[in-house]
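[1] Mind looking at a prediction? Sequence and model below.
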Amino acid sequence: MSNINYELLHAPDVTPIKAWVRGVPLEDAARTQLRNIAALPFVGPWLAVMPDVHLGKGATVGSVVPTRGAIIPAAVGVDIGCGMMAVQTTLRANDLPDSLSALRHSIERGVPVGNGPGGEHRKLPDSVGSKLRDVGLEPRLQRIRDKHPKIRFDKVDRQLGTLGGGNHFIELCLDEADSVWVMLHSGSRGTGNLIGTYFIEQARRELSKRVLGYHVPDKDLAFFLEGEPLFEDYVEAVSWAQDYARCNREAMMARVLHCLHHALPPFQLGKMAVNCHHNYVQREQHGDESLLVTRKGAVSARDGELGIIPGSMGARSFIVRGKGNADSFHSCSHGAGRVMSRTEARKRISVDAHAKATAHVECRKDAAVVDESPAAYKDIDAVMAAQRDLVEIVHTLRQVVCIKG
């Protein structure tokens, strides 16, 4: 009996597509998008698809795209370095107040949330400038600025330690032993978006000038070739944005913990902390090959490596340990994955339905967040079952507070 847990989605004589989609939906548009990516001659040796897969802009969300000698900026996307951070605390469920409303509002005051000016620091914290210097981001940023002055970098300091909007969130969770965790989801904010948008446009311009012996089925699959100046410039800029995203999560976590220290009994951090990207690219060794691996909505899951797979708003989330499955390029899903677009969700999910689905969570229950309601996402239990050969569950978390931008 075969122990292979993936399905093959590709047509004959093309780059294979290995997909962990048993028991979870996969829309036809996402299937077509995956085949378009696999058709590029520098993609391979195969494409890996995670169970939270759904149609994305540029590339399919939930895909792991290895490339040889080329890089696709739109596959990384504009939410560069987006990812998760979670820390365990010594707090217990009975340390939390009966009403969590005041605690939620305290965190919302301590961490700027949402897009636009309200989602930025009004008064710049002293810690922001020192953090940018301490981790070496400032001199690296200046080199990028000098080469590409058209990219705006005016929000770098104002958005460090801020949440953003959309599916980004801050949560307080309880694990199976009633220990309190802090978990958050964000990335490189507006600066990463500007970097991604700029280089995606540069790649499209380069594509229009290329003479190729093959067809590129989608302009979003425009690429830079290794050895070209823009290839090196993009790698430098995307690496900076990924490091900025990690620092953003760390700065935000510090602010959330500061709020908790003021509102709750004294506590310390537990032994477990995780900070992982799920929208990023890096060079990795797989077998005998050095590949550029783009994870678009996927998490590294090397043998023994810890990761985070959040469920939807109001559903369970998981701290996981990778099994180092080589077929997936040592990867796993980054969440539950959408089954409705945001537009569809706003049409189909009522405020009342959202309030019922999140009745056990202290969170917003208004029309502006129904596109993040549990019904807009796949069943997280089915997603976890589909990737049982990729990760093992270390902790199961249930949200008690959820803050959305």
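    Cool, the structure landed.

[2] Show the contacting residues for L257.
    V87, V182, L269 (CB atoms under 8 Å, 6 or more residues apart in numbering). C-beta here means a position set from N, CA and C on the backbone, and glycine is covered the same way.

[3] Can you show me the strands along the stretch 301-405 of the chain?
    For the stretch 301-405 of the chain, the strands defined by DSSP state E, counting those that start in this stretch cover 306-309, 316-322, 331-333, 391-404.

[4] Now the longest one: average pLDDT?
    By that I understand strand 391-404. The average pLDDT within strand 391-404 is 97.

[5] how far off strand 316-322 does it point, in degrees?
    140 degrees (axes from the mean of the first three to the mean of the last three CA atoms, to 10 degrees).

[6] Mind exporting the C-alpha coordinates of strand 391-404 to PDB?
    Written as PDB, here are the backbone C-alpha positions of strand 391-404 (Å, rounded to 0.1, in the frame of the first residue of the first chain):
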ATOM      1  CA  VAL A 391       3.800  18.100  10.000                       C
ATOM      2  CA  GLU A 392       2.900  16.800  13.500                       C
ATOM      3  CA  ILE A 393       0.800  18.900  15.900                       C
ATOM      4  CA  VAL A 394       2.600  20.100  19.000                       C
ATOM      5  CA  HIS A 395       0.000  22.400  20.400                       C
ATOM      6  CA  THR A 396      -3.700  23.100  19.500                       C
ATOM      7  CA  LEU A 397      -4.700  26.700  20.200                       C
ATOM      8  CA  ARG A 398      -8.200  28.200  20.500                       C
ATOM      9  CA  GLN A 399      -8.700  31.900  20.300                       C
ATOM     10  CA  VAL A 400     -10.300  33.900  23.100                       C
ATOM     11  CA  VAL A 401      -9.300  37.400  21.700                       C
ATOM     12  CA  CYS A 402      -8.900  38.300  18.100                       C
ATOM     13  CA  ILE A 403      -7.900  41.800  16.800                       C
ATOM     14  CA  LYS A 404      -8.300  42.600  13.100                       C
END
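
[7] Please state the offset of that strand from the chain centre?
    Its chain's C-alpha centre and that of strand 391-404 lie 15 Å apart, by CA atoms, centre = their mean, to the nearest Å.

[8] Tell me which other helices or strands that strand touches.
    When contacts are defined as 3 or more CB pairs under 8 Å, 6 or more residues apart in numbering; DSSP states H and E, strand 391-404 sits against helix 101-110, strand 169-174, strand 179-186, strand 306-309, strand 316-322.

[9] Over to the third one?
    Strand 331-333 is packed against strand 47-54, strand 298-300, strand 306-309, with contacts defined by 3+ CB pairs under 8 Å, 6+ apart.

[10] which residues touch it?
    20, 48, 50-52, 62, 64, 295, 297-301, 307, 309, 320, 322, 325, 383, 387, 390-391.

[11] Of those residues, which qualify as buried by neighbour count?
    By neighbour count, with 16 or more other CB atoms under 10 Å, these hold 20, 48, 50-52, 62, 64, 295, 297-301, 307, 309, 320, 322, 325, 383, 387, 390-391 as buried.

[12] Now do C332: how many residues are near it, please.
    32 (other CB atoms under 10 Å).

[13] Now do it, the pLDDT please.
    98.

[14] Can you lay out the helices and strands packed on strand 391-404 as CSV showing mean pLDDT?
    CSV is the format used below for the helices and strands packed on strand 391-404 (pLDDT from 0 to 100):
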stretch, mean pLDDT
helix 101-110, 96
strand 169-174, 98
strand 179-186, 98
strand 306-309, 98
strand 316-322, 97
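
[15] possible to save these as JSON lines with distance to I4?
    Output for the helices and strands packed on strand 391-404, formatted as JSON lines (distance: least, CB to CB, whole Å):
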{"stretch": "helix 101-110", "distance to I4": "44"}
{"stretch": "strand 169-174", "distance to I4": "33"}
{"stretch": "strand 179-186", "distance to I4": "31"}
{"stretch": "strand 306-309", "distance to I4": "21"}
{"stretch": "strand 316-322", "distance to I4": "18"}
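
[16] Ok, which of those comes nearest P16?
    For the helices and strands packed on strand 391-404, the distance to P16 is smallest for strand 316-322, at 21.8 Å, taking CB to CB.

[17] Within the sheet, what are the partner strands of that closest one, with directions?
    Strand 316-322 sits in its sheet next to strand 306-309 (antiparallel), strand 391-404 (antiparallel), going by DSSP bridges.
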